[in-house]
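Engineer: What follows is a predicted structure for the sequence shown.
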Amino acid sequence: RYDAGKDGFIDLMELKLMMEKLGAPQTHLGLKNMIKEVDEDLDSKLSFREFLLIFRKAAAGELQEDSGLHALARLSEIDVSTEGVKGAKNFFEAKVQAIHDASRFEEEIKAEQEEKKKQAEELKQRKAAFKELQSTFRQ
């Protein structure tokens, strides 16, 4: 909704407008700090994944109470009494999708870790086999 450039990212100006519309305007420095706190790829804008990270940090209690990100997470929650059931449906579908995406990301990381363990074990076995072969030549 707030990605005015339709490029898949929230930049500084889009974040400024979003915070103003949510009723929690921030200073220029405050906006930069908000982006910096979750900007994993250091491109000075928020990807969808980084945007979701705000809510993950909020749920884990990792955001300071007076921070702009805390305000964003708090103000972005849906109020069924004002949005109605359709708004809640969209909200919860988006939450489920976010959880699914995070789960898929975690599965990819686990798969990479398992592959690295497997490669390390294979290397260890090759070294052991080489040492055994080497010891037969020394005798």
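Structural biologist: Great, that's in hand. Numbering: from 1, shown residues only.
Engineer: contacts for the helix or strand L31 falls within?
Structural biologist: Element membership of L31, judged by DSSP states H and E, is helix 28-38. Defining contact as CB atoms under 8 Å, 6 or more residues apart in numbering, one finds that helix 28-38 is touched by 12, 15-16, 19, 26, 44-46, 50-51, 53-54, 57, 67-69, 72. Heads up, the C-betas are built off the backbone N, CA and C, glycines and all.
Engineer: distance between the lowest-mean-pLDDT helix or strand in the chain and the chain's centre?
Structural biologist: Counting by mean pLDDT, DSSP states H and E, the weakest-scoring helix or strand in the chain turns out to be helix 68-76, with a mean of 72. Relative to the centre of its chain, helix 68-76 is centred 16 Å away, using CA atoms, centre = their mean, to the nearest Å.
Engineer: just checking, what packs against it?
Structural biologist: helix 12-21, helix 28-38, helix 48-59 (3 or more CB pairs under 8 Å, 6 or more residues apart in numbering; DSSP states H and E).
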